[in-house]
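**Q** give me a 3D structure for the following:
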Amino acid sequence: MIVFPVNIRENRTMKLTPHPLAIGLLSCLLYTGCTSAPMPIVSDQPSNTIAVASEPTEADEQALPPTVVPFSAETLYSLLVADVALTRQQYQIAMAGYASEAQSTRDARVTEMAFGIARHVQDPDMALQMALLWLEIEPTNGDAHRAMLQAYALLGNAIDALPHAFWVAQNEDDDAILLAVTTIAEGRKEAQIDDLIGAYNRLELSTDQQLIRRLAIAMLLREGGRLEQAESAALAYLQLAPNDQRASLLLAQIYNQQDRSEDAISTLASALENYPNSYKLRLQYARLLTLSNRSKALEQFEMLRVANPYSPEINYLLALLYLDSKMLEPARQLFLILRGDSRFSDDALYHLGGIAESNSDLTTAVDYYRQVVDGSNFLAAASRTIVLLMDDNNLAAAQKYLRETRATAPNQIGRLYELEANLLISQDLPEQALEVLSRGIERRSEDQNLLYARAMIAEQQGDFARAELDLRSIISLDASNAAAMNALGYTMVLHTQRLDEAYDLIQRAYALQPDSAAIIDSMGWVLYKLGETDKALGYLMRAMEMMPDPEIAAHLGEIHWVMGNRKLAFETWHRGLRKTPDHDNIVTTMRRLGASTSEGELPQ
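**A** Okay, here's the model as predicted:
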């Protein structure tokens with residue numbers, strides 16, 4: 001995604017810290033309203049002090065705006081409660097307090113605070129309500145119009161946001177805000193994008209602003225998937241504004257979506273000749289090169305780091321490239337730096353563990369892996385910790401680690417119980433695995449992964465009743481869980497004579513996921529059991545073509561056998577055995593059918 005100067009969307013993970021307005025608000029409001037003092041949209045600049053109200057000095061009184069509206073004691077008390085709640089990060093209480101007083105006092109600054117809190121907690125309805133009130137109070141305040149933009153961005157409503165961007169562009173000479181509205185359309189349906197393009201075309205813009213409109217429409221065409229039109233629009237814009245980096249970035253993005261990576265790289269390389277110090281151009285250029293030329297990509301990221309030595313993003317991407325190029329020491333040095341950045345700490349620790357493991361320093365590797373407490377690599381780190389602990393056959397240590405980690409990573413409890421169950425299964429301890437999963441389900445009764453895992457182990461242990469209960473629990477929680485429907489239907493075929501019920505379950509799963517080889521195999525197998533062998537053959541041949549799995553080979557081979565195609569049966573079975581020698585289901589099937597004639601050899 002191209003990043004433009006004005007970004008009207010907020011980072012959902014940011015921490016709201018008291019704004020100077022919140023900190024000093026009461027010292028102003030204790031003796032006067034603030035109806036005339038212009039203030040910016042609430043920001044997130046940190047501060048740790050709260051101003052104490054004091055008697056106004058003569059200088060203060062001279063600095064007061066000409067129109068002063070005193071607040072009542074009740075209003076001041078309510079604002080005090082809201083202000084304290086804000087400093088304690090009790091955002092809902094603070095928002096309710098500020099919003100109530102904004103409506104009763106119609107004070108612009110109080111309304112601005114209420115809007116800022118609503119924006120931070122991602123409450124689109126309250127944000128719009130406060131932005132509308134602010135605009136009603138100060139219809140010519142550009143920040144109030146920007147607040148409307150942000151509120152409509154939360155609502156995903158680009159059409160109604162556009163007039164406010166137009167107002168700012170016309171009154172504050174901020175044309176880039178017209179481009180910012182296009183980000184609201186990202187991920188929207190094509191019909192909405194068509195409406196927004198129409199709205200852009202209806203704007204009465206100056207000559208210069210009409211040029212910006214061309215670029216905005218090109219961006220929307222790309223978002224709508226009309227890449228040829230987007231390309232033509234971007235090229236036409238570049239002819240009129242050949243030095244606009246934004247258009248080069250957009251054109252490269254369009255080419256990349258068209259799988260024309262060479263054209264994308266060439267476009268960015270040409271733009272960099274004119275703007276060699278452009279961070280955005282070089283970063284996009286480096287990223288594209290990672291897909292085609294790792295050594296050149298490495299050079300570009302090293303150049304980016306020289307210019308931005310303290311950028312965590314650049315350091316992380318460069319560290320990954322070093323790692324991919326087996327340059328372990330420079331990668332290690334960058335990951336050590338990244339340990340101190342909250343956004344990259346867990347990933348850095350995981351990769352440091354991998355580097356230590358590559359260097360056969362297993363103690364250090366375990367130490368790093370155990371420090372990973374969240375993120376996309378959490379489970380991988382936990383798995384590697386278990387593997388390394390089990391290298392010493394230390395099952396007790398591995399289980400102790402998992403118990404301790406569940407206590408420190410509560411959001412990962414379900415996955416950690418699954419890991420312990422898998423560990424116990426690998427040690428041929430299925431009963432203990434079931435006990436572990438049951439403890440996990442006691443704590444997370446609606447965890448579908450835990451229920452599914454327990455169902456599969458119970459079925460393998462011959463406890464179909466337990467498996468059925470767990471699978472039905474999953475389906476009751478998620479009526480579109482095709483995996484659970486398929487698993488229940490298939491195990492029902494294996495363990496019961498309830499074939500019609502099994503067929504209904506598998507058919508529902510097939511309707512949800514018609515391209516799943518596992519579900520297609522189940523459909524073929526239940527049809528075979530129902531006596532519809534010809535139909536079954538078609539499903540199983542399709543499943544085998546999609547995924548030549550030994551389980552599917554066992555089923556398909558049996559159908560070939562009963563249909564008299566013994567040569568095809570042996571070919572199918574042997575195909576499965578080549579992938580998994582001595583596969584139990586294939587061997588059992590062949591023995592059950594007496595498939596030991598000269599046409600094929602029965603595995604010993």
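
**Q** okay, CA-based contacts and neighbour counts for the rest of this
**A** Noted.

**Q** domain map for this protein?
**A** Here the domain assignment for the chain is 1-155, 548-593, based on automatic domain parsing.

**Q** can you flag the weakest of these by average pLDDT?
**A** Note on those: lowest mean pLDDT is at domain 1-155, with a mean of 68.

**Q** quick check: closest non-adjacent residue to the residue nearest the centre of the chain.
**A** What sits nearest the mean C-alpha location of the chain, by C-alpha atoms, centre = their mean, is residue 376, with 10.1 Å. Sequence neighbours aside, residue 347 is the residue nearest to residue 376 in space, at 7.7 Å (criterion: C-alpha to C-alpha, 6 or more residues apart in numbering).

**Q** tell me which element the one you found falls in.
**A** If you go by DSSP states H and E, residue 347 is part of helix 345-358.

**Q** list the contacts of that helix.
**A** Outside helix 345-358, the residues that touch it by C-alpha atoms under 8 Å, 6 or more residues apart in numbering are 328, 332, 335-336, 338-339, 362, 364-369, 371-378, 381.

**Q** dump it to CSV, restricted to CA.
**A** This file holds the C-alpha atoms of helix 345-358, laid out as CSV (Å, rounded to 0.1, in the frame of the first residue of the first chain):
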residue,chain,number,x,y,z
SER,A,345,11.2,-8.3,20.3
ASP,A,346,9.4,-11.7,20.0
ASP,A,347,10.5,-12.3,16.4
ALA,A,348,14.0,-11.2,17.2
LEU,A,349,14.3,-13.6,20.1
TYR,A,350,12.9,-16.4,18.0
HIS,A,351,15.5,-15.9,15.3
LEU,A,352,18.3,-15.5,17.9
GLY,A,353,17.3,-18.9,19.2
GLY,A,354,17.5,-20.3,15.7
ILE,A,355,20.9,-18.8,15.1
ALA,A,356,22.1,-20.2,18.5
GLU,A,357,20.7,-23.6,17.5
SER,A,358,22.6,-23.4,14.1
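
**Q** quick check: angle from the next helix or strand after it to helix 345-358?
**A** Once helix 345-358 ends, the next helix or strand along the chain (criterion: DSSP H and E) is helix 362-370. With axes from the mean of the first three to the mean of the last three C-alpha atoms, to 10 degrees applied, the angle from helix 362-370 to helix 345-358 works out at 160 degrees.

**Q** quick one: mean pLDDT over helix 362-370.
**A** 95.

**Q** I'd like the next helix or strand past that helix.
**A** helix 378-390.

**Q** residue 510 - nearest residue in space that isn't next to it in sequence?
**A** residue 519 (6.1 Å).

**Q** give me the helices and strands touching the helix or strand harbouring that neighbour, please.
**A** Assigned by DSSP H and E, residue 519 belongs to helix 517-529. Judged by 3 or more C-alpha pairs under 8 Å, 6 or more residues apart in numbering; DSSP states H and E, helix 517-529 is in contact with helix 482-495, helix 499-512, helix 533-546, helix 550-562.

**Q** possible to save the ones you listed as TSV with mean neighbour count and distance to residue 466?
**A** Output for the helices and strands packed on helix 517-529, formatted as TSV (neighbours: other C-alpha atoms under 10 Å; distance: least, C-alpha to C-alpha, whole Å):
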stretch	mean neighbour count	distance to residue 466
helix 482-495	22	11
helix 499-512	20	17
helix 533-546	19	29
helix 550-562	24	23
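
**Q** which one, of the ones you listed, ends up nearest to residue 391?
**A** helix 550-562 (30.1 Å; C-alpha to C-alpha).

**Q** so which bits of the helix or strand that comes right after that closest one are buried?
**A** Helices and strands here follow DSSP H and E; after helix 550-562, the next one along the chain is helix 566-579. Neighbour counts over helix 566-579 (16 or more other C-alpha atoms under 10 Å) mark 566, 568-577 as buried.

**Q** pull the residues that contact the lengthiest helix in the chain.
**A** In the chain, assigned by DSSP state H, the helix with the most residues is helix 207-223. With contact meaning C-alpha under 8 Å, 6+ apart, helix 207-223 is reached by 175-176, 178-179, 182, 185-187, 193, 197, 200-201, 227, 229-231, 233-234, 237, 247, 250, 254.

**Q** quick one, what contacts the residue found closest to residue 506 once you drop the neighbours it is linked to in the chain?
**A** Among residues not flanking residue 506 along the chain, residue 486 sits closest, at 5.0 Å (C-alpha to C-alpha, 6+ apart). Residue 486 makes contact with 505-506, 509, 519, 522 under the criterion C-alpha under 8 Å, 6+ apart.

**Q** need the residues you listed in CSV (columns: distance to residue 119 and pLDDT).
**A** Compiled in CSV, these are given as follows (distance: C-alpha to C-alpha, whole Å; pLDDT from 0 to 100):
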residue, distance to residue 119, pLDDT
505, 45, 97
506, 45, 97
509, 41, 97
519, 45, 97
522, 49, 96
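
**Q** rewinding a little: the residue nearest to residue 506 and residue 523, how far apart?
**A** In this view, residue 486 and residue 523 are 9 Å apart by C-alpha to C-alpha, to the nearest Å.

**Q** burial of residue 360, as a residue count?
**A** A total of 11 residues lie near residue 360 under the criterion other C-alpha atoms under 10 Å.

**Q** and it, how close does it get to residue 532?
**A** 57 Å.

**Q** is residue 543 in contact with residue 522, as I believe?
**A** No: here residue 543 lies out of contact with residue 522, judged by C-alpha atoms under 8 Å, at a distance of 9.3 Å.

**Q** can you show me the helices along the stretch 151-300 of the chain?
**A** Along the stretch 151-300 of the chain, counting by DSSP state H, counting those that start in this stretch, helices occupy 158-172, 176-180, 190-202, 207-223, 227-240, 245-257, 261-274, 279-289, 294-307.

**Q** TSV for the buried residues of helix 566-579, including distance to residue 413?
**A** As requested, these are exported to TSV (distance: C-alpha to C-alpha, whole Å):
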residue	distance to residue 413
566	50
568	48
569	46
570	46
571	46
572	42
573	41
574	42
575	40
576	37
577	38
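
**Q** can you give me the angle the helix or strand hosting residue 401 makes with helix 378-390?
**A** Secondary structure from DSSP H and E places residue 401 in helix 395-408. Inter-element angle recorded for helix 395-408 and helix 378-390: 150 degrees (by the same axes, to 10 degrees).

**Q** how close does residue 75 sit to residue 98?
**A** 10 Å.

**Q** neighbour count winner among these two?
**A** Each of residue 75 and residue 98 has its neighbours counted (other C-alpha under 10 Å); residue 98 has more, 28 against 20.

**Q** thinking the more buried one is in contact with residue 113, fair?
**A** Yes: checked against C-alpha under 8 Å, the pair residue 98 and residue 113 is within contact range at 6.8 Å.

**Q** re the thing from before, distance of the residue nearest to residue 510 relative to residue 509?
**A** Residue 519 is 7 Å from residue 509, by C-alpha to C-alpha.
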